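Q: Next one to model:
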Amino acid sequence: MESVIAHVLRTSKTIAVVGLSPKPERPSHEVARYLQAQGYRIVPINPGAHGTLLLGEMCFASLREAAAALAPRGIQIDLVDCFRQSEEIPAIAQDAIAIGARALWMQKGVRNDEAARQAEAAGLVVVQDLCTKIEHRRLHAND
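A: Sure thing, here's the model as predicted:
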């Protein structure tokens, strides 16, 4: 699994953070800020913050809306990083498949095996119940 995680983090350039909170003290905001500082482009997804800037990036209501807005500019969402409850993941997985994302990542405490099977069947790499920030730090501990 470590090589899969390393590959996803190494090859992804644009990360949609589903459930990105505008509140700096929330884990989603902290993780997204960290990933942005590591050179990833962050695409905030949060219907409640739609149309506002989060971490200097326009926030979208959905993955599909973000993908449609970014595609004309040649920007492809590579990784969908989910800060939502496990029962919300199937719909997010369907959107990730529809937009052509390469990977679906469920944050610590988030797991949905059926959504994972569907995403994997569509060719996405799936990571469950792990934090992108923690894994990135672990993989780059000796850099």
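Q: now what about the stretch of helix or strand Val126 belongs to, what contacts it?
A: For Val126, the host element (DSSP states H and E) is strand 125-127. Strand 125-127 is contacted from outside by 1, 4-5, 7-8, 102-106, 116, 119-120, 135, using CB atoms under 8 Å, 6 or more residues apart in numbering. C-betas here are computed from N, CA, C, even on glycine.
Q: Measure how buried Gly19 is and give me the count.
A: Look at Gly19: counted by other CB atoms under 10 Å, it has 22 neighbours.
Q: quick one, phi psi at it?
A: phi 100, psi 20 (degrees, to the nearest 10).
Q: list the contacts for it?
A: When contacts are counted by CB under 8 Å, 6+ apart, Gly19 touches Ser28, Ile45, Asn46, Cys82, Phe83, Arg84.
Q: quick one: average pLDDT of the strand holding Val126?
A: Taken as a whole, strand 125-127 has an average pLDDT of 97.
Q: partners of it, with directions?
A: strand 103-106 (parallel) (DSSP bridges).
Q: Quick check: what element follows the strand it pairs with along the chain?
A: Following strand 103-106 in sequence order, the next helix or strand is helix 113-121 (DSSP H and E).
Q: which helices and strands does that next one pack with?
A: helix 89-99, strand 103-106, strand 125-127 (3 or more CB pairs under 8 Å, 6 or more residues apart in numbering; DSSP states H and E).
Q: Give me the distance from the last one to the chain's centre.
A: The gap between where strand 125-127 is centred and where its chain is centred comes out at 11 Å by CA atoms, centre = their mean, to the nearest Å.
Q: Quick one: buried ones out of the contacts of strand 125-127?
A: Neighbour-count burial (16 or more other CB atoms under 10 Å) applied to the contacts of strand 125-127 gives Ile5, Val8, Arg102, Ala103, Leu104, Trp105, Met106, Ala116, Ala119, Glu135.
Q: Brilliant, that's me finished.
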